[in-house]
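Student: Got a predicted model here, sequence first, then my questions.
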Amino acid sequence: MAKGKVELEKLSYEGALNELKEILERLETQSLELEEILQHFERAKALLQHCQALLDKAELKVRELSGSDESPESNEVEHALD
């Protein structure tokens, strides 16, 4: 986060992952104060949530493009009922 915190909405998936890697490296290699650790943890949690939201959005787009509107969970339920 040497470049400063970028707003989550502006980060691509790859950008968020890179920032997560930087945070992990910093936590592993530097001696930090508790407050800094907590700040890094909060940012990492937000980045993970952002990445998950982007993955969910991408999955929905793939389903729309492939014509598959069933979720894997509903498909599993249908097979269990057969």
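Tutor: The structure has been received and is ready for your questions. Source: prediction; values computed, not measured. Residues are numbered from 1 along each chain as shown.
Student: hmm, which helix or strand of this structure has the shakiest average pLDDT?
Tutor: Every helix and strand of the chain was ranked by mean pLDDT, DSSP states H and E. The lowest is helix 72-81, at a mean of 55.
Student: Centroid-nearest residue for the chain?
Tutor: Closest to where the C-alpha atoms of the chain average out (C-alpha atoms, centre = their mean) is Cys51, at 2.0 Å.
Student: Excluding residues flanking it in the chain, which one is nearest that one?
Tutor: Ala16 (5.1 Å; C-beta to C-beta, 6 or more residues apart in numbering). No exception for glycine: its C-beta is placed from N, CA and C like everyone else's.
Student: What count of nearby residues applies to that neighbour?
Tutor: 22 (other C-beta atoms under 10 Å).
Student: in this protein, which ranges drop under the pLDDT threshold?
Tutor: Across the chain, residues meeting the criterion (pLDDT under 70) sit at 1-5, 69-82.
Student: Would you mind finding the longest helix in it?
Tutor: Ordering each helix of the chain by length in residues (DSSP state H) puts helix 34-66 first.
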